[in-house]
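**Student:** fold the following and give me the result.
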Amino acid sequence: MTEKEKMLAGELYDAAFNKELVEDRCKAKDICYQYNNLKPSNIVEREKIIKKLFAKTGNQITVEQNFYCDYGYNIYVGENFYMSYNCVILDCAKVEFGDNVLIAPNCSFYTAGHPLEIEPRNKGLEYAKPIKIGNNVWIGGNVTVLPGVTIGDNVTI
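**Tutor:** The predicted model follows:
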């Protein structure tokens, strides 16, 4: 099993030193850099880049700059999605947002976690657990969602 397969399966994997994962993160960082340096008024190009970066998107989505993620290919977004400024998604596992989701500034979604034991952590091992956000959800400013969390429908946080 490759390190990427381990990552997607929720097992301990080598995040720090695996060539394939490092390359995938660099690719996503380059896309985020390109996105974050576009003029805010260039809405068509911004949408095009986000739709290229994410695994799935609805038709009506807005992601404000600055935005950062680890891979992009594990992010799934429904219809009528709005993410405000300075949000981070560490998408080592699937991060799924339903329809009609509003995310306020400075929110973070972290699927990545690290072992509590020193030895595996010092080897660069980590794990990832998916995050799922339901429909009709508003996440207020500065919220951090941790690995493995599910937020149901019709919720305000």
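**Student:** what's the weakest-modelled helix or strand in this structure?
**Tutor:** helix 118-122 (a mean of 93; mean pLDDT, DSSP states H and E).
**Student:** same question for the helix or strand following it, mean pLDDT?
**Tutor:** Under the assignment DSSP states H and E, the closest C-terminal helix or strand after helix 118-122 is strand 125-128. Per-region confidence: strand 125-128 scores 96 on mean pLDDT.
**Student:** with only the CA atoms kept, save strand 125-128 in CSV.
**Tutor:** Extracted C-alpha coordinates of strand 125-128, given in CSV (Å, rounded to 0.1, in the frame of the first residue of the first chain):
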residue,chain,number,x,y,z
LEU,A,125,3.9,9.9,10.6
GLU,A,126,0.4,11.2,10.8
TYR,A,127,-3.2,10.1,10.2
ALA,A,128,-6.2,11.7,8.5
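**Student:** show residues contacting the least confident helix or strand of the chain.
**Tutor:** Contacts with helix 118-122, where a contact means C-beta atoms under 8 Å, 6 or more residues apart in numbering, come from Leu12, His114, Pro115. All C-beta spots, glycine's among them, are computed from the backbone N, C-alpha and C.
**Student:** most neighbours among the residues you listed, which one?
**Tutor:** Counting neighbours by other C-beta atoms under 10 Å, Leu12 leads those with 17 neighbours.
**Student:** touching, Asn154 and Val137? I think so.
**Tutor:** Yes: with contact defined as C-beta atoms under 8 Å, Asn154 reaches Val137; the gap is 7.5 Å.
**Student:** of those two, give the one with the bigger neighbour count.
**Tutor:** Val137 (20 against 10).
**Student:** next structured bit after the helix or strand hosting Tyr76?
**Tutor:** Assigned by DSSP H and E, Tyr76 belongs to strand 75-77. Later in the chain than strand 75-77, the nearest helix or strand by DSSP H and E is strand 81-83.
**Student:** for stretch 30-41, measure first residue to last.
**Tutor:** 20 Å (C-alpha to C-alpha, to the nearest Å).
**Student:** which residues touch the helix ranked longest in the chain?
**Tutor:** Of all segments of type helix in the chain, defined using DSSP state H, the longest is helix 19-36. By C-beta under 8 Å, 6+ apart, the surrounding residues in contact with helix 19-36 are 2-4, 7, 13-15, 46, 49-50, 52-53, 63, 65-73.
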